[in-house]
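S.K.: Pasting the sequence and the predicted model now:
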Amino acid sequence: MKRESPGMFLGLDSSTQSLSALVIDPASGSVVHETSINFGADLPAYQSPSGFIPGGADGEVHADPLMWIEAIDLLFSRVAESFDLSQITALAASGQQHGSVYFDNTLVQRLSTLAPEKSLKEQLAPALTRATAPIWMDTASGPECAEIAAAVGGNEEVCKLSGSIAIERFTGPQIRRFFKQDPEAYENTGTIHLVSSLIGSIMAGKSIDIDHGDGAGMNLLNVHTLSWDPDLLEATAPNLRDKLPRAKPSASITGKISNYFVDKYGFSSNCDVALSTGDNPSSLVGMGATEPGTFVISLGTSDTFFAAMSNAVTDPQGFGHVFGNPAGGFMSLICFRNGSLSREALRDELGLGWDDFDVAGLAKTPAGNEGRVMLPFYGPEITPRRDFSAPVRNFPVDAPAEVQVRALLEGQFLNMRLHSAWLGEQPTLIRLTGGASQNNGIAQLIADIFQAPVERFAVANGAALGAALRAAHACGQNLADLNTQFCQPAADSRIEPDTSKKETYAESLETYKQLLTA
Ligand SMILES: Nc1ncnc2c1ncn2[C@@H]1O[C@H](COP(=O)(O)OP(=O)(O)O)[C@@H](O)[C@H]1O
Ligand SMILES: O=C(CO)[C@@H](O)[C@H](O)COP(=O)(O)O
């Protein structure tokens with residue numbers, strides 16, 4: 001039911017490197033508050049400068065879930081210094097996709113009795129049955145993917161059921177790995193949460209359901225029935241259904257906020273909590289792209305490419321995915337693991353800053369880089385799935401800095417164009433979000449390589465904005481009206497493609513393909 005005075009809505013986004021809060025005020029049509037905690041800089045004790053524990057063996061990439069939990073207290077203690085949280089009508093969370101957190105049977109009781117004089121961390125830490133949480137960058141579950149696929153009748157069948165073939169970073173294969181490595185700890189696990197549903201559970205003071213948007217990134221949700229698939233559950237680990245929250249549509253209110261946040265940070269006890277979703281489905285909402293036609297490119301830690309789908313086609317190569325669209329129906333998702341990590345690696349190698357990075361590379365070199373092309377991967381890649389350890393160049397490694405920068409950036413977006421072709425659609429409009437989206441050189445390059453106009457928003461954090469919009473939507477606000485109010489490009493932010501570069505990039509794409517298959 002639509003409320004007379006809608007109040008304000010809070011979006012939370014727990015992404016790879018940061019936890020952000022963003023508040024919208026539909027009455028004034030403005031974003032009225034933004035605060036962010038950077039895991040590396042603000043919580044250095046976890047020794048995770050980029051949001052995960054460095055140096056994992058054999059492709060293992062884990063994070064300390066206590067870092068995410070401690071960040072919630074830190075975030076609200078900062079927000080409450082300058083913003084009156086009693087104004088919040090409802091909130092929703094978004095989280096980096098696929099990451100999973102494992103708790104014993106005391107979780108529900110602990111969540112419902114959180115004491116404000118203690119920290120979240122000290123009250124929830126004893127319930128963890130797995131000290132660290134595998135995240136989306138983890139590539140260690142190859143054997144488990146093969147076992148799940150074999151048990152279900154092949155990857156084609158897994159894809160038919162879940163919208164993706166068995167994927168290393170997806171939660172099901174990661175759960176199976178945990179079950180094989182430590183069956184006793186798996187047995188003692190009462191509840192498994194995704195990062196997004198964990199944040200929502202803490203806010204609601206109870207174990208909440210998992211939405212179809214994030215749930216589809218687990219290789220466990222049947223995308224036709226929208227419930228946990230019995231064959232996939234059985235292929236993954238014993239008694240798994242009992243350990244998973246239920247799967248539910250995103251636009252649901254799950255209950256009122258926990259008293260912990262009322263007493264400690266001044267929320268109203270009437271504040272509603274909506275279900276959480278993954279950061280990419282959340283960004284789809286935040287970018288006003290829940291209807292087919294507009295493509296979104298998110299340049300966060302990973303680069304992702306996604307769009308609402310008219311038809312739920314699947315990627316024949318198995319790199320791309322089908323997730324639930326929080327507004328109903330489906331969305332595509334293609335993830336490029338080396339996104340910002342590669343840009344940062346080359347920037348640091350060349351001793352540059354962001355200001356001179358694209359300027360150095362793109363202003364001094366011609367489109368197409370005179371045929372000099374790079375496979376821009378400093379570590380294992382997801383799209384294409386291959387174990388890179390360094391970039392591959394068709395030119396000398398000691399070429400000038402500007403050549404290296406252009407080759408890396410062109411390589412990244414040629415790779416994206418190549419691996420999004422299965423969608424069968426040429427974007428008519430691309431909306432950019434994420435940390436690197438403010439970079440002008442990168443935005444123009446994307447417009448030229450895809451030959452489509454690019455828009456950017458004043459709010460760089462599309463996932464947190466999407467969470468705030470979802471909270472408002474779950475309370476009965478009209479999503480189309482909210483989009484009109486909040487999802488407009490920043491003034492003068494539209495970049496048109498340079499059509500004279502179309503042929504050059506068609507040729508570069510061929511050179512890129514040759515290097516990839518060489
Ligand atoms: N001006 C810039 N140019 C290119 N990349 C940038 C720029 N500013 C920030 N970034 C990149 O943005 C990344 C963080 O983006 P963000 O969307 O906050 O990440 P995540 O959501 O994955 O935590 C950083 O890793 C950094 O490399
Ligand atoms: O694995 C994926 C999507 O499938 C990643 O996109 C994660 O969802 C992490 O997002 P960022 O923190 O990079 O925004």
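M.R.: Arrived safely. Numbers count the residues shown, from 1 in each chain. Ligands and ions are numbered 1, 2, ... in the order given.
S.K.: For residue 76, see how far away residue 418 is.
M.R.: 43 Å (CB to CB, to the nearest Å). Using the backbone N, CA and C atoms, a C-beta is placed for each residue, glycine as well.
S.K.: all strands for the stretch 201-350 of the chain, in order.
M.R.: 210-211, 221-222, 227-228, 247-248, 253-256, 272-274, 277-278, 294-299, 303-309, 321-324, 330-336 (DSSP state E, counting those that start in this stretch).
S.K.: Parallel or antiparallel, which strands does the first one pair with?
M.R.: With DSSP bridges as the test, strand 210-211 is paired with strand 247-248 (parallel).
S.K.: Which residue ranges make up each domain of the chain?
M.R.: If you go by automatic domain parsing, the domain ranges for the chain are 8-281, 288-456+488-518.
S.K.: and the longest one, is it in reach of ligand 2?
M.R.: Yes. Applying CB under 6 Å from any ligand atom, one finds that domain 8-281 is in contact with ligand 2 at 15-16, 96-98, 136, 169, 217, 278-280.
S.K.: Tell me the one among the residues you listed nearest to ligand 1.
M.R.: residue 15 (3.1 Å; CB to the nearest ligand atom).
S.K.: can you count the residues close to that closest one?
M.R.: Applying other CB atoms under 10 Å, we find 27 residues neighbouring residue 15.
S.K.: for the one 4 residues further on, same thing?
M.R.: Close neighbours of residue 19, defined as other CB under 10 Å, add up to 27.
S.K.: again, but for residue 231
M.R.: So residue 231, with other CB under 10 Å, has 15 neighbours.
S.K.: tell me the contacts of it?
M.R.: Residue 231 sits next to 151-152, 161 when contact means CB atoms under 8 Å, 6 or more residues apart in numbering.
S.K.: Enumerate the residues of the stretch 201-350 of the chain near ligand 1.
M.R.: The stretch 201-350 of the chain has residues 300-301, 340, 343-344 near ligand 1, with proximity defined as CB under 6 Å from any ligand atom.
S.K.: Give me the buried entries from these.
M.R.: Buried residues within these, counting neighbours by 16 or more other CB atoms under 10 Å: 300-301, 340, 343-344.
S.K.: In this structure, where is pLDDT below threshold?
M.R.: Counting by pLDDT under 70, the low-confidence segments of the chain come to 1-5.
S.K.: Pick out the residue in it sitting closest to ligand 1.
M.R.: Nearest to ligand 1, among the residues of the chain, is residue 435, at 2.1 Å (CB to the nearest ligand atom).
S.K.: Okay, that residue and residue 42: tell me how far apart.
M.R.: Distance from residue 435 to residue 42, by CB to CB: 16 Å.
S.K.: Of the residues of the stretch 201-350 of the chain next to ligand 1, which ones also sit close to ligand 2?
M.R.: The residues of these that also fall near ligand 2, by CB under 6 Å from any ligand atom, are 300-301.
S.K.: For burial, what's the neighbour tally of the closest residue to residue 190 other than its chain neighbours?
M.R.: In space, and not counting its chain neighbours, residue 190 is closest to residue 105: 3.7 Å by CB to CB, 6 or more residues apart in numbering. Residue 105 is surrounded by 13 other residues when neighbours are defined as other CB under 10 Å.
S.K.: what kind of secondary structure is residue 105 in?
M.R.: When classified by DSSP: H, G, I helix; E, B strand; the rest coil, residue 105 comes out as coil.
S.K.: I figured it was touching residue 207, is that so?
M.R.: No. Distance between residue 105 and residue 207: 10.7 Å, which falls outside the contact criterion (CB atoms under 8 Å).
S.K.: so what sits against both of these two?
M.R.: Counting by CB under 8 Å, 6+ apart, the residues touching both residue 105 and residue 207 are residue 191.
S.K.: how about the helices in the stretch 201-350 of the chain?
M.R.: 212-215, 230-236, 240-243, 259-265, 279-286, 339-349 (DSSP state H, counting those that start in this stretch).
S.K.: same question, the stretch 351-500 of the chain
M.R.: Ranges of helices in the stretch 351-500 of the chain, per DSSP H, counting those that start in this stretch, are 354-362, 401-419, 440-450, 462-474, 479-486.
S.K.: Quick check: which of these is buried the most?
M.R.: Highest mean neighbour count of these: helix 462-474, a mean of 31 (counted as mean count of other CB atoms under 10 Å).
S.K.: Can you give the distance from that helix to the centre of its chain?
M.R.: The chain centre lies 14 Å from the centre of helix 462-474; the measure is CA atoms, centre = their mean, to the nearest Å.
S.K.: Nearest to ligand 2: which residue in the stretch 251-400 of the chain?
M.R.: At 3.0 Å from ligand 2, residue 300 is the closest residue in the stretch 251-400 of the chain, using CB to the nearest ligand atom.
S.K.: residues touching that residue, list them.
M.R.: 15-17, 279, 339-340, 433-436.
S.K.: With residue 303 instead?
M.R.: By CB under 8 Å, 6+ apart, the residues touching residue 303 are 297, 335-336, 338-340, 412, 416, 434.
S.K.: can you rerun that using 10 Å?
M.R.: Neighbouring residues of residue 303 by CB atoms under 10 Å, 6 or more residues apart in numbering: 297, 334-343, 383, 412-413, 415-416, 434, 436.
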